[in-house]
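**Student:** just a sequence and a predicted model for now, questions to come.
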Amino acid sequence: MRLQQRAIRVDGMSWPYWHKAGLVIRASRSAVVVSVPKAWRRRAAITWGNSQIVSSLRFAPCPSPPSVWNAYAGGFYLRAATACLPLRFTVGRRSRVVRFGIGRQC
């Protein structure tokens with residue numbers, strides 16, 4: 001679980017709350033997929049790099065040395081100012097859900 005500050009109100013958007021959070025991915029020969037679980041897709045969305053607001057992002061493989069990390073600006077769009085948001089991270093056949101406490105504990 002990762003505790004984040006409360007999301008801020010964004011006027012004029014279909015997603016009324018935004019929380020900026022960078023994403024850092026270790027270089028790998030495998031793609032990395034970050035996704036919002038289906039049960040959460042009406043409550044949360046993500047964006048990193050130059051992506052649109054989406055429920056799933058695929059980061060292409062980057063076969064640099066394993067000591068290299070790639071950073072992406074972006075964050076979370078939410079329907080409420082606080083959430084215990086689960087995100088699924090998938091690399092190859094491995095998958096793990098990580099919860100992000102935005103403005104509250106999970």
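**Tutor:** Perfect, I can see it now. As the structure is a prediction and not an experimental result, all values here were calculated from the model.
**Student:** what about stretch 88-100, how long is it end to end?
**Tutor:** Counting by Cα to Cα, to the nearest Å, you get 11 Å between the two ends of stretch 88-100.
**Student:** quick one: contacts of that stretch?
**Tutor:** Contacts of stretch 88-100 with the rest of the structure, by Cβ atoms under 8 Å, 6 or more residues apart in numbering, involve 1-2, 4, 21, 28, 30-37, 76, 83-87, 106. (C-beta placed from N, C-alpha, C; glycine too.)
**Student:** what do you get if the cut-off is 7 Å, keeping everything else the same?
**Tutor:** If you take Cβ atoms under 7 Å, 6 or more residues apart in numbering as the criterion, stretch 88-100 is touched by 1-2, 4, 28, 30, 32-35, 37, 84-87, 106.
**Student:** drop anything exposed from those residues.
**Tutor:** Neighbour counting over these (16 or more other Cβ atoms under 10 Å) leaves 4, 28, 32, 34-35, 85-87 as the buried ones.
**Student:** coming back round to it: tell me which of the contacts of stretch 88-100 is nearest to Arg43?
**Tutor:** Minimum distance to Arg43 across the contacts of stretch 88-100 is 8.1 Å, recorded for Leu85 (Cβ to Cβ).
**Student:** tell me what the closest one is bridged to.
**Tutor:** Phe100 (DSSP bridges).
**Student:** pull the contacting residues for it.
**Tutor:** 40, 44, 76, 99-100, 102.
**Student:** any idea how far Ala45 is from it?
**Tutor:** The gap separating Leu85 from Ala45 is 10 Å, by Cβ to Cβ, to the nearest Å.
**Student:** just put the buried ones among the contacts of stretch 88-100 in CSV and tack on distance to Arg94 and secondary structure.
**Tutor:** Converted to CSV, the buried ones among the contacts of stretch 88-100 look like this (distance: Cβ to Cβ, whole Å; DSSP: H, G, I helix; E, B strand; the rest coil):
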residue, distance to Arg94, secondary structure
Gln4, 24, strand
Ser28, 11, coil
Val32, 10, strand
Val34, 13, strand
Ser35, 14, strand
Leu85, 21, strand
Pro86, 16, strand
Leu87, 15, strand
